[in-house]
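Asker: Sequence first, then the predicted structure:
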Amino acid sequence: MPNGTGTVFKLAPAPHKGCPSGSEKGNGWCETVLYGFCSQPGCLDGSGSFSGLLFDKEGNLYGTTPSGGSYGQGTVFELFPEPAGGCPGGSYPGNAWCETVLYNFTGGADGADPTAGLISDKEGNLYGTTENGGNTNCSGGCGVVFKLSPTS
């Protein structure tokens, strides 16, 4: 599944009987890849993720990729456990997880290249920063602080 453009993985202590099928064992831990980025042509699902993840009370994970997405300028994404009927339309399947791009950065006033993790508030808004884009008075852009709000 991983193809050099970033992965989201889970580490868990190795049970006495060994790691479950599909996991790799190392130093008493089992690693399971939940999602490997760039599963679609043009890396529409994002690429190069290396920031931390945000875990919500429903068990969903949120993060950023500094490249890929619809405009090649990075994404904010959500990973959630795959429902019984499979991943819904518009999301990308992983290893029993689904990835949905919540936002595609354009590289303009909205920013580009989000390289840090996200934080959230009690209303479910996500906050983060981008390395580039934003103010055009800077060479290549200065970056932005952004807020994403749930639509429903």
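Answerer: Received the coordinates, thanks.

Asker: State the mean pLDDT of the one helix or strand F146 maps to.
Answerer: F146 belongs to strand 145-148 when assigned by DSSP states H and E. For strand 145-148, mean pLDDT rounds to 97.

Asker: shift numbering so it begins at 197
Answerer: Got it, first residue is 197 now, which makes that one strand 341-344.

Asker: how much distance is there from the lowest-mean-pLDDT helix or strand in the chain to the middle of the chain?
Answerer: Using mean pLDDT, DSSP states H and E, the weakest-scoring helix or strand in the chain turns out to be strand 220-222, at a mean of 80. Put simply, strand 220-222 sits 23 Å off its chain's centre (CA atoms, centre = their mean, to the nearest Å).

Asker: Check which strands are paired with that strand and give the direction for each one.
Answerer: Paired neighbours of strand 220-222 in the sheet (DSSP bridges): strand 225-232 (antiparallel).

Asker: sorry, back to before: using CSV, list the CA coordinates for the strand holding F342.
Answerer: Below are the C-alpha coordinates for strand 341-344, written out as CSV (Å, rounded to 0.1, in the frame of the first residue of the first chain):
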residue,chain,number,x,y,z
VAL,A,341,-3.4,30.7,9.6
PHE,A,342,-6.6,29.1,8.6
LYS,A,343,-9.9,27.8,10.1
LEU,A,344,-12.0,25.1,8.5
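
Asker: List the buried residues for it?
Answerer: F342, L344 (16 or more other CB atoms under 10 Å). Quick note: C-beta positions are derived from backbone N, CA and C, even for glycine.

Asker: That strand: partners in the sheet, and parallel or antiparallel?
Answerer: strand 322-325 (antiparallel).
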